[in-house]
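*Asks:* Provided below for reference: sequence and predicted model.
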2 protein chains.
Amino acid sequence: MNMRVVTSVQEMQQHALSLKRAGRKIALVPTMGYLHEGHLSLVALARARADVVVLSLFVNPIQFLPGEDLASYPRDFERDRALCERAGVDFVFHPDPGEMYAAEHSVFVEETSLSNVLCGACRPGHFRGVTSVVAKLFNIILPDIAVFGQKDAQQCRIIQRMVRDLNFPVEIVVGSIVREPDGLAKSSRNKYLSPQDRQHALCLRRSLDIAEIMVREGERSVEVIRESVKAVIAAVPGAVIDYVALVDNETLAPVVLIQRPVLVALAVRIGGTRLIDNTVLG
Amino acid sequence: MNMRVVTSVQEMQQHALSLKRAGRKIALVPTMGYLHEGHLSLVALARARADVVVLSLFVNPIQFLPGEDLASYPRDFERDRALCERAGVDFVFHPDPGEMYAAEHSVFVEETSLSNVLCGACRPGHFRGVTSVVAKLFNIILPDIAVFGQKDAQQCRIIQRMVRDLNFPVEIVVGSIVREPDGLAKSSRNKYLSPQDRQHALCLRRSLDIAEIMVREGERSVEVIRESVKAVIAAVPGAVIDYVALVDNETLAPVVLIQRPVLVALAVRIGGTRLIDNTVLG
C-alpha cells in the first residue's frame, strides 16, 4: 500500500472505521513532527505489532503555554514525509490546528493527580493539552495500540492512566529512549542548541549515570542520590535546573528510599533550551 | 438473542469489540435505572436504528454533589431488567461503582462553556461527572449511536459538544420528552412527590404552556416571557425556583429576542424535590 497523507479528521476517521470493520489492527504513533531516530524506533515497534501504522504529525497548540516555543517549534513536513515512507508508515495524519479545534472548542480531558508534579508543575495546563489531543487522536484513528516514547516518562504514565480511567480500548506500548552516540537523548528541540550548549547538555545523561552508579554501589537514599545528580548539573555553566525528581515509577509519588522502581526525571535549561531526560532505578 | 446482563467492564468491551468486528451497528441508551416510559421511548429509537441495543444502568456517583440524593436515588433492578427484556434490549450493562472507578481515579472529561449555566451553575461538578461517565460508556460499549432524552436538554447539548470536540465516532439521537397524561414530564424522581406535591408539580408544564402561547401570540421579548413563566410558578405554594432560563437552543447563550430557536429551561423545587422541564420556542 502506498503511504497516504490525510489532513481531514473526517476522512481519517472513515479510513479507520473501514479498517476496523475489515478486522485490521491499527497502531498509532503520535508525534509533533521533525522526526528523529527516537520517533522512528516507535514506528518500528508499531510496524511489528499491527497491520496498519498511522503516524500523526501535529504541533498541538493547546499543550504549549503562552510564551513557549509554539511558533518556533521546528517543522519540516517534506523531510518527515520521506522518513515515514521509508519507515513503512501507512497513513500520515497531518491536520491543521483549525481542523482539530473548532473556534469555540470547550471540551478537555484532564488528569488531576499525576499531572501536578514534575513537568506539570512547571508547565500548568500542558498535560491537559496532551490528554485532550491524545483522546481526540484515539477517537479519530481508533488504534488498537498506541506507541509513546519513554523520554516523555510522565506523559506515558498520564496516558496510561487516561486509558485506564476512561476505558479506551487501546494498548499503550512504551519505547525506550534513543540517544546520540555521546548519550544526549534525541529530541526535536536539540536543534535549538549551539555547539557549546550541545556539549553542556551532556550533563543530563551524565547526572543519570551517577544515579545509576550510586544505586549499583548500594545507595538507597533518594535524598543523597538527588543531591549528587543536582551537583553534576550545577557544575556546568549555564545549566539551570527546572527540577530533579526521584518518584515512584508508576504513581509519580515522592519516595524516600529506593525499594520499588524509582523514576529519576530531569528538566534542565541549557542556554535557554529546556531539555528533559530520565532513567528508572531499582 | 436472549438479553444479557453484564456487570464487568472488560466483558462488556469484549462483546462490543466482537460486535463491531462482525459489522453490527450498536446503539447505547445510557440510564441511571428506575426506568419509565421516557427511557423506553429512547430504547424504541435505538431499536429502530441499530442491530444491537445496549442499555446502561448505572447510578453514577460522580455526577451527584455532596448532600444530593445519591444514596436515596430510586433503584429497582429486577423491574428494570424485566422492562428491558420486554423492550427488546440486547445487553444491560450494570456495573458496580467500584468496577467503573478505580480507587485513585484521576481522569475526567470537562466541558468548560455550556456547563457553567442553568443546572451547571446550581450543581457545580455535575456535568463533569456526566461527561466523564458518558466518555467511559462510549469507550466500553463502542456505540455507533447513543440516545439521550430532551428532558435533560442541557446534558444533550453538552454531550453533542463533547462528541464534536473529542471526535467520538458516535451519532447522538435526542428523544422527545415523554409526559404523564396531565403534562408532568416523566422522571425517576417523581417518585419523591407526595400527592399534594404531585399536583403542585404541574406548574412546570403549565408555565411552559404560557411561554408557548405568548410566542404564538407574537411576543418576542425574552424578558417579558420569563417574567410570565416565573409568575405562574411563583403562584404555587411550596414551589421554589432554581432557575427559569431562556437561552439559545444550541449555544445556551443568553438571548434578548426570540429570533432563532430558544430553549426555555426550568428547575423548580417542589416540596424539596428538584424537578426540571423545558420546551423549545421559535
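*Replies:* Ah, there it is.

*Asks:* could you use CA atoms for every contact and neighbour count after this?
*Replies:* Noted.

*Asks:* would you mind listing what in chain A touches chain B?
*Replies:* When proximity is defined as C-alpha under 8 Å from any C-alpha of the partner chain, chain A approaches chain B at A:13, A:20-23, A:101-102, A:105-113, A:132, A:135-136, A:139-140, A:161-162, A:165-169.

*Asks:* select only the buried ones of those residues in PyMOL?
*Replies:* Provided next is the PyMOL selection string for whichever of the residues of chain A next to chain B are buried by 16 or more other C-alpha atoms under 10 Å in any protein chain shown:
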select buried, chain A and resi 13+20+101+105+106+107+108+109+110+111+113+132+135+136+139+140+161+162+165+166+167+168+169
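
*Asks:* can you give the domain ranges for chain A?
*Replies:* A:4-175, A:188-281 (automatic domain parsing).

*Asks:* the first one spans what distance, first to last residue?
*Replies:* Meaning domain A:4-175. Domain A:4-175 has an end-to-end distance of 24 Å (C-alpha to C-alpha, to the nearest Å).

*Asks:* quick one: mean pLDDT over it.
*Replies:* What domain A:4-175 shows for mean pLDDT is 97.

*Asks:* tell me how far that domain is from the chain's mean position?
*Replies:* Centroid separation between domain A:4-175 and its chain, computed with C-alpha atoms, centre = their mean, to the nearest Å, is 9 Å.

*Asks:* now A:Arg269. Its backbone dihedrals?
*Replies:* Note on A:Arg269: its backbone torsions stand at phi -90, psi 130 [degrees, to the nearest 10].

*Asks:* number of nearby residues for it?
*Replies:* 17 (other C-alpha atoms under 10 Å in any protein chain shown).

*Asks:* now do the contacts for it.
*Replies:* Neighbour list for A:Arg269: A:Gly238, A:Ala239, A:Val240, A:Ile241, A:Asp242, A:Leu275 [criterion: C-alpha atoms under 8 Å, 6 or more residues apart in numbering or on different chains].

*Asks:* between the residues you listed, which sits nearest chain B?
*Replies:* A:Asp242 (25.1 Å; C-alpha to the nearest C-alpha).

*Asks:* neighbours of the closest one, how many?
*Replies:* By other C-alpha under 10 Å, the residues close to A:Asp242 number 17.

*Asks:* I figured it hits A:Ile270, correct?
*Replies:* No - assessed by C-alpha atoms under 8 Å, A:Asp242 is found out of contact with A:Ile270, at 10.5 Å.

*Asks:* ranges for the strands of the stretch 151-282 of chain A?
*Replies:* With DSSP state E, counting those that start in this stretch as the criterion, the stretch 151-282 of chain A has strands at A:171-175, A:239-248, A:262-270, A:273-281.

*Asks:* return the most buried member of the ones you listed.
*Replies:* strand A:262-270 (a mean of 23; mean count of other C-alpha atoms under 10 Å in any protein chain shown).

*Asks:* list the contacts of A:Tyr101.
*Replies:* B:Asp165.

*Asks:* could you do the one 10 residues further on as well?
*Replies:* In this structure, A:Glu111 makes contact with A:Phe127, A:Arg128, A:Thr131, A:Ile158, A:Arg161, A:Met162, B:Ser106, B:Val107, B:Phe108, judged by C-alpha under 8 Å, 6+ apart.

*Asks:* distance-wise, check it relative to B:Gln199.
*Replies:* Counting by C-alpha to C-alpha, the gap from A:Glu111 to B:Gln199 is 46 Å.

*Asks:* about what we covered before: from the residues of chain A next to chain B, which land in helices?
*Replies:* Judged by DSSP state H, the residues of chain A next to chain B include A:Gln13, A:Lys20, A:Arg21, A:Ser132, A:Ala135, A:Lys136, A:Asn139, A:Ile140, A:Arg161, A:Met162, A:Asp165, A:Leu166 as members of helices.
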